[in-house]
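Student: Give me a 3D structure for the following:
(2 chains)
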2 protein chains.
Amino acid sequence: LSPPLLTPTDFERALRSIGAELYYDRHPFHKLLHGGGLSKGQVQAWALNRFCFQAGVARKDASILSRASDPDFRREWVLRVLDHDGFGEDPGGIQRWLMLTDGLGLNRADVLAMRGVLPATVFAVGAYERFARNEPLAVAIAATLTEFFSQQLHQDRLRGMLENYDFVDHAALSYFKRRLTLAPRDASFALEFVKSSAETRAVQDACIEAIRFKCQMLWTMLDALQFAYVDGHPPPGAFVPEST
Amino acid sequence: LSPPLLTPTDFERALRSIGAELYYDRHPFHKLLHGGGLSKGQVQAWALNRFCFQAGVARKDASILSRASDPDFRREWVLRVLDHDGFGEDPGGIQRWLMLTDGLGLNRADVLAMRGVLPATVFAVGAYERFARNEPLAVAIAATLTEFFSQQLHQDRLRGMLENYDFVDHAALSYFKRRLTLAPRDASFALEFVKSSAETRAVQDACIEAIRFKCQMLWTMLDALQFAYVDGHPPPGAFVPEST
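Tutor: All right, here's what the predicted structure looks like:
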């Protein structure tokens, strides 16, 4: 006997509770980042590695777009691709991220080539891309629902980094300011899709596990940053900050 | 003008030098493991995570097997699948690994289900499996050439673990004893294949990069083990040893 379908309310509660428990807002590296506990070189390492994630997220959304058969769904989902890559006057999130790495003094060609990015970052981002490509569409989209938790994180980041670091300014942090309005729109649309399209308990459970997977990959990226750049064990070939 | 093809001698030297430089025999976690610097719980964590790699390696070899069009090549390569999975009287490497985890007191069902394996391990092994599936065959096979360096490592491990830990014995370490004879055979065959089938400089360079990639994924697994279990930061949901 398979367990019964969760009601929409219980399903949404289960989805949210995994994120509340496992989202990487609680990771010690974020407390250091927002609290002014990192050197400029450590913030550079974070921004460089996170660029690899930003680049992967754009492909992840394009791959979900390529798998959706409903044009109305695609009309909504394509907004994410436009947000990453830019459209018309908007330079897009990837360019905004490069404003951050520029502002931190990283060489743009090195960032674009992802020179010195931690292998752990590459493997985690690769796992996320494949998840989006291979899992059932509702499950792939459920993995994006961590955006529900990003708003508070981005607010804390904006305030904390502006207060605590003289090497970042409003322009360098424009990525996060923009996400404050985009993430809730994206997350609400994705949640409605997941709720209405997860029609079996097995798919519902897989959607809940998808958030766990996503939280694990985000957490793993910060573990690797902390080990390499806070604890001082960068693996061979990884970015080494100039002493600042 | 593209750079000229490397001579077989220079190509082999380049392949071996990357491994000599980047192979994970030099990782601090291995020094702890072999030198008696780990608790039983830390050795359990290593054996559990490494099981995930062993399981992935079997699939990796099956995927290379599935892509090779030459029956003579497949007659050789299938020996790796037989070595992993067992054949006739031989229980195979995966079973020998389970003798190690049994000997360490880990619950076999938990190991088989990979409960509590670090996400970083899963992502690294996944990257290796995809590499074997997606790269040109010579490049995929070049990634296996780290076996040239495993013999000394396995000898050090056998001697070091038997000397330093009262909770392991010869039977628990039979996996490594067996690899002492298999790895050189496998590596020599793979090297000859790579040398004879990398017919452009671009493929030769990709083969050299493949060893770098493989060394990075092996190194990343140990970084994650060290951060989680030596430095004491296991991520949420990861295996936690009973205090021993």
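Student: Just give me how far the top helix by length along chain A sits from the chain centre.
Tutor: Secondary structure of chain A per DSSP state H: the longest helix is helix A:40-67. For helix A:40-67, the separation from the chain centroid amounts to 7 Å (computed by CA atoms, centre = their mean, to the nearest Å).
Student: Give the buried residues for that helix.
Tutor: A:40-64, A:67 (16 or more other CB atoms under 10 Å in any protein chain shown). Placement of C-beta: from N, CA and C, glycine included.
Student: which residues touch the following helix or strand past it?
Tutor: Sequence order places helix A:71-85 as the next helix or strand after helix A:40-67, per DSSP states H and E. Helix A:71-85 has contacts (CB atoms under 8 Å, 6 or more residues apart in numbering or on different chains) with A:54, A:57-58, A:61-62, A:64-65, A:68, A:90, A:92-94, A:178, A:182, A:186, A:189, A:193.
Student: go on, stretch A:191-209?
Tutor: Here stretch A:191-209 has contacts from A:2-6, A:8, A:11-12, A:14-15, A:18, A:73, A:135-139, A:141-142, A:145, A:148, using CB under 8 Å, 6+ apart.
Student: Tell me the residues of chain A that contact chain B?
Tutor: A:21-22, A:28, A:118-120, A:122-124, A:126-127, A:130, A:212, A:215-217, A:219-220, A:223-224, A:226-228, A:231, A:233, A:235-237 (CB under 8 Å from any CB of the partner chain).
Student: And the contacts of stretch A:191-209, which of them are buried?
Tutor: Applying 16+ other CB under 10 Å to these flags A:6, A:11-12, A:15, A:18, A:73, A:135-139, A:141-142, A:145, A:148 as buried.
Student: if we take the residues you listed, which one ends up nearest to chain B?
Tutor: A:Ile18 (10.5 Å; CB to the nearest CB).
Student: For the closest one, give me the pLDDT.
Tutor: pLDDT, A:Ile18: 94.
Student: And A:Leu1, by the same measure?
Tutor: For A:Leu1, the predicted pLDDT is 66.
Student: got it, and the one 4 residues further on?
Tutor: Note for A:Leu5: predicted pLDDT of 96.
Student: Please apply the same query to the one 10 residues further on.
Tutor: Looking at A:Leu15, its pLDDT reads 96.
Student: Show me which positions of stretch A:162-180 end up buried.
Tutor: In stretch A:162-180, counting by 16+ other CB under 10 Å, buried: A:165, A:168, A:172-176, A:178-179.
Student: Among the buried ones among the contacts of stretch A:191-209, show me the least confident.
Tutor: Lowest pLDDT among the buried ones among the contacts of stretch A:191-209: A:Phe148, 90.
Student: Now that residue: closest residue in space, sequence neighbours ignored.
Tutor: A:Ala187 (4.7 Å; CB to CB, 6 or more residues apart in numbering or on different chains).
Student: In chain A, what residue spans correspond to helices?
Tutor: Going by DSSP H, chain A shows helices at A:8-22, A:28-35, A:40-67, A:71-85, A:93-103, A:108-112, A:119-134, A:137-142, A:147-164, A:174-197, A:201-225.
Student: Can you give the contact residues for the first one?
Tutor: This points to helix A:8-22. Under CB under 8 Å, 6+ apart, the answer for helix A:8-22 is A:6, A:142, A:145-146, A:148-149, A:191, A:194-195, A:198, A:204, A:207-208, A:211-212, A:215-216, A:219, B:236-237.
Student: ok, 7 Å please
Tutor: The contact list for helix A:8-22 (CB atoms under 7 Å, 6 or more residues apart in numbering or on different chains) reads A:6, A:142, A:145-146, A:148-149, A:191, A:195, A:198, A:204, A:207-208, A:211-212, A:215, B:236.
Student: quick one: that helix to helix A:201-225, angle?
Tutor: 20 degrees (axes from the mean of the first three to the mean of the last three CA atoms, to 10 degrees).
Student: Check the third one too.
Tutor: Helix A:40-67 and helix A:201-225 meet at an angle of 160 degrees, taking the same axes, to 10 degrees as the criterion.
Student: for chain A, what are the low-confidence residue spans?
Tutor: Within chain A, the ranges that satisfy pLDDT under 70 run A:1, A:244.
Student: so A:Thr146 touches A:Ile211, yeah?
Tutor: Yes: A:Thr146 sits in contact with A:Ile211 when judged by CB atoms under 7 Å, with a separation of 6.4 Å.
Student: Between the two, which has more neighbouring residues?
Tutor: Neighbour totals were compared for A:Thr146 and A:Ile211, and A:Ile211 leads with 27 against 23 (other CB atoms under 10 Å in any protein chain shown).
Student: which residues sit in contact with that one?
Tutor: So A:Ile211 contacts A:15, A:18-19, A:142-143, A:145-146 (CB under 7 Å, 6+ apart).
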